[in-house]
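Visitor: fold the stuff below for me.
(one chain, ligands or ions: 3)
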Amino acid sequence: MTINRRTFLKGMLSVSATAVIGPTLLVATDAQANSELLEGTWRTSGSHWGAFRARIVGGEVAEVVAFNHDKHPTEMLEGVKGLIYNPSRVRYPMVRLDWLKRTEGWNTTRGDNRFVRVTWDQALDLFYSELERVQKTYGPAGVLAGQTGWRQTGQFHSCTTHMQRAMAMHGFFVKKIGDYSTGAGQTIMPYVLGSTEVYAQQTSWQLVLDNAKQIVIWANDPVKNAQVGWQCPTHDVYGYFDQLKDKVEKGDIKVISVDPVVSKTQKFLGCEHQYINPQTDVPFMLALAHTLYTEDLYDKEFIKVYCLGFEPFIDYVMGKTKDKVEKTPEWAAKICGVEPDRIREFARMLASERTQLMFGWCVQRQQHGEQPYWMGAVLASMLGGIGLPGSGVSYAHHYSGIGEPATGAAGPGGFPRNLDPGMVPKHNNSDFKGYSSTIPVARWIEAIENPGKVINHNGNKVKLPPIKMVIVSGNNPWHHHQDHNRMKKAYHNIETAVTIDFAWTATCRFSDIVLPACTQFERNDIDLYGAYSATGVLAMHKLVDPLYQSRTDFEIFKGLTARFGLNKDKEYAQEMNEMQWVEKLYNECVTANKGNFEMPDFETFWKEGYVGFGKGSTFVRHALFREDPELNPLGTPSGFIEITSRKIGGFGYEYCQEHPMWFEKAERSHGGPGSEKFPMWLQSCHPDKRLHSQMCESPALRETYTVQGREPAYINPEDAKARGVKDGDLIRVFNDRGQLIAGAVVSDDYPPGVIRIQEGAWYGPTGSEIGAIDTYGDPNTVTLDVGTSELAQACSAYTCVVDYEKFKGEAPAVNAFSGPEIVTL
Ligand SMILES: Nc1nc2c(c(=O)[nH]1)N[C@H]1C(S)=C(S)[C@@H](COP(=O)(O)OP(=O)(O)OC[C@H]3O[C@@H](n4cnc5c(=O)[nH]c(N)nc54)[C@H](O)[C@@H]3O)O[C@H]1N2
Ligand SMILES: Nc1nc2c(c(=O)[nH]1)N[C@H]1C(S)=C(S)[C@@H](COP(=O)(O)OP(=O)(O)OC[C@H]3O[C@@H](n4cnc5c(=O)[nH]c(N)nc54)[C@H](O)[C@@H]3O)O[C@H]1N2
Ligand SMILES: [Mo]
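Guide: Ligands and ions are numbered 1, 2, ... in the order given. Prediction:
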């Protein structure tokens, strides 16, 4: 059977969102069987969105087919070729014109996108001399090289690791704590359940399917988000989604999605929907607790044996303390938009059968995001099912294949991020002059804006450092951070910004020195297959040579450290080249697994492209604690589930007190603050067909979702009608912070007062002036930049209101994807 490649790929693009969860259409084995009919050679590689085999013809990637072990490949594979071949590649080392010409009073306004092409030697010399100048002038508090992000997969080439090792060899620098994904969750949960929970293995899907009678998918869209993993995902989790769909159909399991919108998961499963006003989960949950308590539906024994501090919490619910308001369903209904009787019914339903609560993450990426997570644990405690299969609470069932059976095998290690023993930085000066050397990750713009300001963070005081130089690799802060116009202003305080990337992102546009890295498909590497499941080890064969003048991050930082003197480049690389490193990481993995998992020699592995570890085993979250809480205490201060935390109470914070509470948000739609002027809630959820901003540069993939070449804005039909907007129109989305152009997609999946623009849309403002309209549709042009609370100081991107109108006149062309304007000195 010959299969026409183009037809297959076209088919892949045209399948409806939910049909992607079907069986593999074509796997590499079939393709390889046909390979005699086709030109070229097949190579294996991987990515955050799955493994694949690629056919290489004449030094180019001719086609990409799903890996034979991946039974549920994603449509995102269609973006692989576009990631390599696109007009947005960083081709040469580039330096910003005004920065290059800098004299007294030079122009620190960034964003005009005018760059001068320089040689690699010139670029690395400039990078090095700036590092020297800033370290000598300001010391380590002046250098920020701590931001991290979704650098591409591969254990050896992990680019942030390379950047940070090289920076550490030069001197000390400012680092970050936490991340944008789960900042609030990972900070609050250790006080409540004893671990971050968000990055922990959860009860196996098989056991959930076998035991749960009800599953509440809360602020969670696993069918969309499990396409992506921190290490190459197996997508086996989609097999369980198929089973769940089946059980929902047969009535064996009831699934309810608590979400303001109809999610991809809800549509796929055909499950129930519980609408809720955005950002109001806590009032809804408090009222559920009120019903469970007043109707005596809660598990008193569980609370007594396993929990601490139920009384102060329930006194708050009953209106005896704090605001003295009883958290009745009538009280909650006015805020969360769910009828009082429906709230009571929901509480009774939860208590009636074995129920698994599964939270997604974006409900904690909003102001006071600590509270819904804490409340989730309190509700699960009142239901009494924590530690049993198919019940309790989880905060990660949508992520990185969590819940797939895990083999327990050791994965390959990586290139060292830190200095080797005995290594001393060139500038061995760790004096931060009283400033903090570590800052909460999402507060970096505030630091640049307001150095010396002291903020609270998780029981500590943080004195924001006076950052003068920002070095970025493997993340895209001009997509991921909120409120770009605030960023534009703050960046006047930066003297030098260096970015290493393969794509000419907005971060490159707002930098002074830009170095062209190559993509993960232009280098050899090794990765764990299945992050938490440790299903196998994957070879990442170099598919093609680095394009243009791009280099691997390894080569780039070898080149930089060579400038530090005394063979520092050899120390940096430990005198090994790329393939020696890959082989070493593999061999160390073989040693670590000896006696448990048989692995072939390196040569065989590299030729095959894959070694599997066999079947994994299942797991029940918190089972040991449930079995014996004295012998197996949680990692909380008391060892028990802390419904009230003395530790947090002791911090004396306003927006995170001793037990979960409702705090009104700075901005909220549906009658909340700011909604009179800007009535729409903007949700900037994670993209279905991208990894954040990655692959937005792929023209082929972009064509499948854009509207008149712009990022789609999903809007409600009534709202659209009231504004004279039709499906396919361009709209202007705005608030007092900024404005952007997007393309309207009118859909009943979105309730009145809600607009979705997926994060990661590339920022392309018309100019460098504050307030310039964004031509493509990056939601972070208008989002709010505040910490979640004094506890986590995490990203609050989902606390944001806007309005929109039909775009009037002729819209400016999209300028986000065409690279720099190349000028000469
Ligand atoms: N409004 C809003 N904002 C958000 C979110 C939201 O939900 N809403 N979500 C937040 C979350 S959870 C996250 S995780 C962040 C994601 O934010 P980021 O991790 O910053 O996003 P990415 O687009 O993945 O950026 C990775 C960058 O690294 C580059 N890169 C990849 N591999 C390599 C490599 O090998 N070498 C080099 N040199 N460069 C490489 C890519 O080209 C890309 O520019 O966004 C956050 N921002
Ligand atoms: N395809 C794809 N998958 C990804 C990523 C990607 O970029 N692309 N990124 C990965 C990363 S880094 C992360 S951090 C995770 C993100 O994982 P999450 O943060 O969980 O994902 P989101 O899709 O942003 O949001 C999930 C759901 O929450 C709902 N929601 C939003 N606000 C509220 C609210 O106030 N109340 C309630 N009840 N529901 C709400 C949204 O409508 C949405 O359906 O995804 C990972 N998976
Ligand atoms: Mo994330």
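Visitor: how about the residue in the chain positioned nearest to ligand 1: what's its closest non-neighbour residue?
Guide: Proximity to ligand 1, evaluated over the chain using C-beta to the nearest ligand atom, is greatest for Gly149 at 2.4 Å. To be clear about C-beta, it is placed using only N, CA and C from the backbone, and glycine gets the same treatment. Closest residue to Gly149 apart from its sequence neighbours, by C-beta to C-beta, 6 or more residues apart in numbering: Asn475 at 2.5 Å.
Visitor: checking the one you found next. Helix, strand or coil?
Guide: At Asn475, secondary structure determined by DSSP: H, G, I helix; E, B strand; the rest coil is coil.
Visitor: ok, and does stretch 667-686 reach over to ligand 2?
Guide: Yes: using C-beta under 6 Å from any ligand atom, stretch 667-686 comes into contact with ligand 2 via Gln683, Cys685, His686.
Visitor: can you give me the end-to-end span of that stretch?
Guide: In stretch 667-686, first residue to last residue: 21 Å (C-alpha to C-alpha, to the nearest Å).
Visitor: list the buried ones in it?
Guide: Neighbour counts over stretch 667-686 (16 or more other C-beta atoms under 10 Å) mark 667-670, 672, 674-675, 678-686 as buried.
Visitor: near ligand 1, list only the ones from the residues you listed.
Guide: Filtering the buried residues of stretch 667-686 for neighbours of ligand 1 using C-beta under 6 Å from any ligand atom leaves Ser684, His686.
Visitor: what helix or strand does Val733 sit in?
Guide: According to DSSP states H and E, Val733 maps onto strand 730-735.
Visitor: ok, residues contacting stretch 326-341?
Guide: The contact list for stretch 326-341, computed with C-beta atoms under 8 Å, 6 or more residues apart in numbering, reads 274-277, 280-281, 283-284, 286-287, 289-291, 316-319, 325, 343-344, 346, 662, 670.
Visitor: PyMOL command for the buried members of these?
Guide: A single PyMOL command selects the buried members of these (16+ other C-beta under 10 Å):
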select buried, resi 274+276+277+280+281+283+284+286+287+289+290+291+316+317+318+343+344+346+662+670
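Visitor: how close does the residue nearest to Gly149 sit to Pro466?
Guide: Using C-beta to C-beta, to the nearest Å, Asn475 is found at 22 Å from Pro466.
Visitor: with neighbour numbers in mind, choose between those two.
Guide: Asn475 (24 against 18; other C-beta atoms under 10 Å).
Visitor: need the contact list for the more buried one.
Guide: Applying C-beta under 8 Å, 6+ apart, we find Asn475 in contact with Gln147, Thr148, Gly149, Trp150, Arg151, Thr160.
Visitor: most surrounded residue in those?
Guide: The residue in the contacts of Asn475 with the most neighbours, by other C-beta under 10 Å, is Gln147 (26 neighbours).
Visitor: tell me if that residue really is in a helix.
Guide: No: assignment of Gln147 by three-state DSSP gives coil, placing it outside any helix.
Visitor: how about the nearest residue to Gly82, chain neighbours excluded?
Guide: Counting by C-beta to C-beta, 6+ apart, the residue nearest Gly82 is Ser698, at 2.6 Å.
Visitor: I'd like to know how far that neighbour sits from Tyr399.
Guide: The spacing between Ser698 and Tyr399, counted by C-beta to C-beta, is 24 Å.
Visitor: which parts of this protein sit against ligand 1?
Guide: Counting by C-beta under 6 Å from any ligand atom, the chain sits next to ligand 1 at 149-152, 157, 159, 180-181, 362, 365, 473-476, 479-480, 500-503, 505, 517, 520, 553, 684, 686, 691-694, 759-760, 779-780, 783, 797.
Visitor: taking the residues you listed one by one, which sit in helices?
Guide: Cys159, His479, His480, Asp553 (DSSP state H).
Visitor: got TSV for these, with pLDDT too?
Guide: Listed next are these as TSV, based on pLDDT from 0 to 100:
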residue	pLDDT
Cys159	95
His479	97
His480	97
Asp553	98
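Visitor: longest strand in the chain, please.
Guide: In the chain, with assignment by DSSP state E, the single longest strand is strand 738-746.
Visitor: distance from that strand to the middle of the chain?
Guide: Relative to its chain's centre, strand 738-746 lies at 23 Å (C-alpha atoms, centre = their mean, to the nearest Å).
Visitor: quick one: average confidence on that strand?
Guide: Averaging pLDDT along strand 738-746 yields 98.
Visitor: so which other helices or strands are in contact with that strand?
Guide: With contacts taken as 3 or more C-beta pairs under 8 Å, 6 or more residues apart in numbering; DSSP states H and E, strand 738-746 sits against strand 712-715, helix 717-722, strand 730-735.
Visitor: in the stretch 101-250 of the chain, what residue spans correspond to helices?
Guide: All helices of the stretch 101-250 of the chain, identified by DSSP state H, counting those that start in this stretch, fall at 120-138, 159-170, 183-192, 205-211, 222-225, 237-250.
Visitor: any idea of the mean pLDDT in the fourth one?
Guide: Yep, that's helix 205-211 we're talking about. For helix 205-211, mean pLDDT rounds to 98.
Visitor: how many neighbours does the closest residue to Ala720 other than its chain neighbours have?
Guide: Spatially, and ignoring its direct neighbours in sequence, Ala720 is nearest to Val746 (4.8 Å; C-beta to C-beta, 6+ apart). Using other C-beta under 10 Å, Val746 has 19 other residues around it.
Visitor: what about this protein, any weak spots by pLDDT?
Guide: 1-37, 103-107 (pLDDT under 70).
Visitor: show me what contacts the spatially most central residue of it?
Guide: Central residue of the chain (C-alpha atoms, centre = their mean): Ser181, 4.7 Å from the mean position. Listed by C-beta under 8 Å, 6+ apart, the contact set of Ser181 reads Val198, Trp361, Arg365.
Visitor: looking at the contacts of Asn475, spot the one nearest ligand 2.
Guide: Nearest to ligand 2 among these, counting by C-beta to the nearest ligand atom, is Trp150 at 6.3 Å.
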